[in-house]
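quick one, fold the following:
(2 chains)
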There are 2 protein chains.
Amino acid sequence: MIQRLCVLGVGLIGGSLALALKRSGAVGEIVGYERDPLCRAKALSLGIIDRAESGLADALRGAEVVVLAVPLGAMEGLFQEMAPLLKPEMVVTDVGSVKDSVVTAARAALGARIVDFVPGHPLAGTEKSGPEAAFADLFYLHKVILTPLPENRPEAVETVRMMWHRVGAEVVEISSTYHDRVLAGVSHLPHVLAFALMDLLAKVGEPQDTLQFAAGGFRDFSRIASSDPTVWRDICLANREPLLALLEQFEAELHTLGEALRRGDGGKLVEIFARAKAARDIHYNA
Amino acid sequence: MIQRLCVLGVGLIGGSLALALKRSGAVGEIVGYERDPLCRAKALSLGIIDRAESGLADALRGAEVVVLAVPLGAMEGLFQEMAPLLKPEMVVTDVGSVKDSVVTAARAALGARIVDFVPGHPLAGTEKSGPEAAFADLFYLHKVILTPLPENRPEAVETVRMMWHRVGAEVVEISSTYHDRVLAGVSHLPHVLAFALMDLLAKVGEPQDTLQFAAGGFRDFSRIASSDPTVWRDICLANREPLLALLEQFEAELHTLGEALRRGDGGKLVEIFARAKAARDIHYNA
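You can find the predicted model right below:
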């Protein structure tokens, strides 16, 4: 049982976590810290949080667990601002989609209090954002990645792990560097590709004319291009090196495929397509 | 009412059309032509067709409407084989995902009988294939594109249009060249991108390890990479020129995006992402 939980940023992820914890009876009071007055009002009126604070000191006071659920670009500043306000054994975690950059910022700002910062990343979300998009089932049966630090107090890791268990998530522990490399492949690059394709289609024709001929496959493929542009700017910049490395490999792959198509090499196309299908089917259609 | 309909190729599309027409009461007998004995047996046992034929002459005999639902690579040979067997006013249509190449093959093979060949393309499908994947609702509320030819008898076009209306589809008429250009963008290139990404991920890590960290966005994005490799080889080769042109533009777009990322130009990233999101939201979240 967490007597008081403080959520910094009450959007889709922070809001959903608050709703889910509240429903599970795993927390007493939930305090929301949110700078946007409209979001504060919405989060209160939707019953996502019990109390809204616009000042960080008021928000953190007496909290056992603090969850940073702000965009990645706001993390560093928030760590610096909260560092002098943290009390001993106040457990801090985050939900950022990139982990090495968050760990670096936390180490720089928190000093000795790093022992109680447990980096996290729930593998759940939708293309929507804001408190009105939050729902209590968002994390149910989804994975949550924790990338605990060598410095962490085991009790802090356990507190964060239990918090996610209580909302029905499966907790997995890996290193932050491995996390960032894998997520570049299964999340960040796909988003970049979906954004790039939609932008191209908007340039070569009127989307209203073109998209009427799109079927279900395209709707699903392009759904992530509806994601929040600033959130994804932050993610791409925060995970720049792994993403750039993979993007280069992807460009080479696409070049190979284009060359095969140019010379009418059906055998090469089938080879690539079949390997791709096999890789996907292993996981999704096994 | 169509007294006798002949479906050439009883896979996902041909099989689903047969099931839907049968349910709607719009046809008397449905004859399936299928070279694969296993598919023939399945299509019969699943009640998709009333009669299965392995010989083309037997299959076509007495048919009012003939639907070519074979992979694009098999179209040309089938047109040549069926040309001497076609009777006056036997209406022929197809379901191929590329239209200019099909029209070229049909014109070359059918001679004067081209008047009754109405090219078509239902914008529906799944990543599955074969008669066991067929279901009667596949086309319900989906678009079907017809690209009628200047030579077409109006009655032939009307027969094909009515057939699709009877299974709940919305029929749209555009030119075959416009069709191929638009479909390159909303279908063929997305498939190529999904295949390329899955192949790359299979090369840089073990898919079993990597994909466990994929969330719903990736599952949807990559679903089309489970599509049939030979079907998509045929589509890519048949629509080679429009697809290559768009692929080149996409590579330039991706290069621009990569350069912005490399120099940490968050403004440029947001500009691209926001334009992409706006283009998609116009159609899907308006």
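
residue in the stretch 1-150 of chain A nearest to chain B?
Residue nearest to chain B within the stretch 1-150 of chain A: A:Leu123 (4.4 Å; CB to the nearest CB). In short, each C-beta sits where N, CA and C put it, glycine included.

wait, A:Ala63 sits on A:Val31?
Yes: the pair A:Ala63 and A:Val31 passes the contact test of CB atoms under 8 Å, sitting 6.6 Å apart.

looking at these two, which is more packed in?
Comparing A:Ala63 with A:Val31 by other CB atoms under 10 Å in any protein chain shown, the one with more neighbours is A:Ala63, at 25 against 22.

the nearest residue to that one once chain neighbours are set aside pairs with what?
Setting aside the residues directly before and after it, A:Ala63 is nearest to A:Cys6 in space (CB to CB, 6 or more residues apart in numbering or on different chains), at 3.8 Å. Note on A:Cys6: beta-bridge partners A:Val31, A:Val66, judged by DSSP bridges.

contacting residues for A:Cys6?
With contact set as CB atoms under 8 Å, 6 or more residues apart in numbering or on different chains, A:Cys6 has these partners: A:30-33, A:59-60, A:63, A:65-67.

picking that back up, shared neighbours, A:Ala63 and A:Val31?
Listed contacts common to A:Ala63 and A:Val31 are A:4-6; contacts here mean CB under 8 Å, 6+ apart.

wait, A:Val231 touches A:Val70, no?
No: using CB under 8 Å, A:Val231 is not in contact with A:Val70, being 10.0 Å away.

so the two - more neighbours on which side?
Using other CB under 10 Å, the more surrounded residue of A:Val231 and A:Val70 is A:Val70, with 24 against 19.

for the more buried one, give me phi and psi.
phi -100, psi 160 (degrees, to the nearest 10).

ok, and the closest non-adjacent residue to A:Leu85?
A:Leu85 sits nearest to A:Leu60 (CB to CB, 6+ apart), 5.0 Å away.

wait, what's in contact with that neighbour?
A:Leu60 sits in contact with A:6, A:33, A:66, A:82, A:85-86, A:90, where contact means CB under 8 Å, 6+ apart.

so how do I select the buried members of these in PyMOL?
In PyMOL syntax, the buried subset of those is picked out as below (16 or more other CB atoms under 10 Å in any protein chain shown):
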select buried, chain A and resi 6+33+66+82+86+90
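
I'd say A:Gly28 and A:Met1 touch.
Yes: A:Gly28 lies in contact with A:Met1 (CB under 8 Å); the separation is 7.2 Å.

who's more crowded, these two?
Applying other CB under 10 Å to A:Gly28 and A:Met1 shows that A:Gly28 carries more neighbours, namely 13 against 9.

A strand includes that one, no?
Yes: the assignment for A:Gly28, made by DSSP: H, G, I helix; E, B strand; the rest coil, places it in a strand.

that one and A:Leu21: what is the separation?
Distance of A:Gly28 to A:Leu21, given as CB to CB, to the nearest Å: 10 Å.

what do those two both touch?
Common neighbours of A:Gly28 and A:Leu21 (CB under 8 Å, 6+ apart) are A:2, A:5.

for the stretch 151-286 of chain A, which segments count as helices?
Remark: helices assigned in the stretch 151-286 of chain A by DSSP state H, counting those that start in this stretch are A:154-166, A:176-183, A:189-204, A:207-210, A:216-222, A:229-238, A:240-262, A:266-284.

show me the one of those that comes nearest B:Ala276.
B:Ala276 lies closest to helix A:189-204 among those, at 3.6 Å (CB to CB).

buried sites along the closest one?
A:189-202, A:204.

show me which of these neighbour chain B.
A:189-202, A:204 (CB under 8 Å from any CB of the partner chain).

now render the contacts of A:Leu60 as CSV, adding pLDDT, secondary structure and distance to A:Ile13.
Formatted as CSV, the contacts of A:Leu60 follow (pLDDT from 0 to 100; DSSP: H, G, I helix; E, B strand; the rest coil; distance: CB to CB, whole Å):
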residue, pLDDT, secondary structure, distance to A:Ile13
A:Cys6, 98, strand, 15
A:Tyr33, 97, strand, 14
A:Val66, 98, strand, 14
A:Met82, 97, helix, 18
A:Leu85, 97, helix, 22
A:Leu86, 97, coil, 21
A:Met90, 97, coil, 20
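
look up phi and psi at the nearest residue to A:Arg166 once chain neighbours are set aside.
Nearest in space to A:Arg166, with sequence neighbours left out and distances taken as CB to CB, 6+ apart, is A:Ala26 at 4.0 Å. Per-residue torsions, A:Ala26: phi -90, psi -10 (degrees, to the nearest 10).

for A:Ala26, what are its contacts?
Counted by CB under 8 Å, 6+ apart, A:Ala26 has contacts A:1-2, A:163, A:166-167.

any stretches of chain A with poor pLDDT?
Judged by pLDDT under 70, chain A has its weakly predicted residues at A:286.

what's the residue most central in space within chain A sitting at in phi/psi?
Closest residue to the average C-alpha location of chain A: A:Ser97 at 3.6 Å, with CA atoms, centre = their mean. Torsion angles at A:Ser97 (phi, psi; degrees, to the nearest 10) stand at phi -80, psi -10.

with adjacent residues omitted, what lies nearest to it?
A:Ile235 (4.9 Å).

count of residues packed around that neighbour?
There are 27 residues near A:Ile235, going by other CB under 10 Å.

count the neighbours of A:Lys80 for me.
For the record, residue A:80 is Gln, not Lys. A:Gln80 has 13 neighbours, counted by other CB under 10 Å.

also A:Ser222?
27.

kindly report the same for A:Phe139.
25.

that one: which element?
Using DSSP states H and E, A:Phe139 falls within no helix or strand.

residues in contact with the residue nearest to the centre of chain A?
A:72, A:121, A:183, A:187-188, A:235, A:238-239.

which one of these is nearest B:Glu173?
Distances from B:Glu173 to those, taken by CB to CB, are shortest for A:Ser187, at 40.2 Å.

for that closest one, give its distance to A:Val231.
12 Å.

stretch A:10-21: how far from the chain's middle?
Relative to its chain's centre, stretch A:10-21 lies at 13 Å (CA atoms, centre = their mean, to the nearest Å).

quick check, it touching chain B?
No: Stretch A:10-21 is not in contact with chain B by CB under 8 Å from any CB; minimum separation 11.9 Å.

what sits against the residue lying closest to A:Tyr140 once chain neighbours are set aside?
Nearest residue to A:Tyr140, sequence neighbours excluded (CB to CB, 6+ apart): A:Gly168, at 3.9 Å. For A:Gly168, the contact set (CB under 8 Å, 6+ apart) comprises A:20, A:137, A:139-141.
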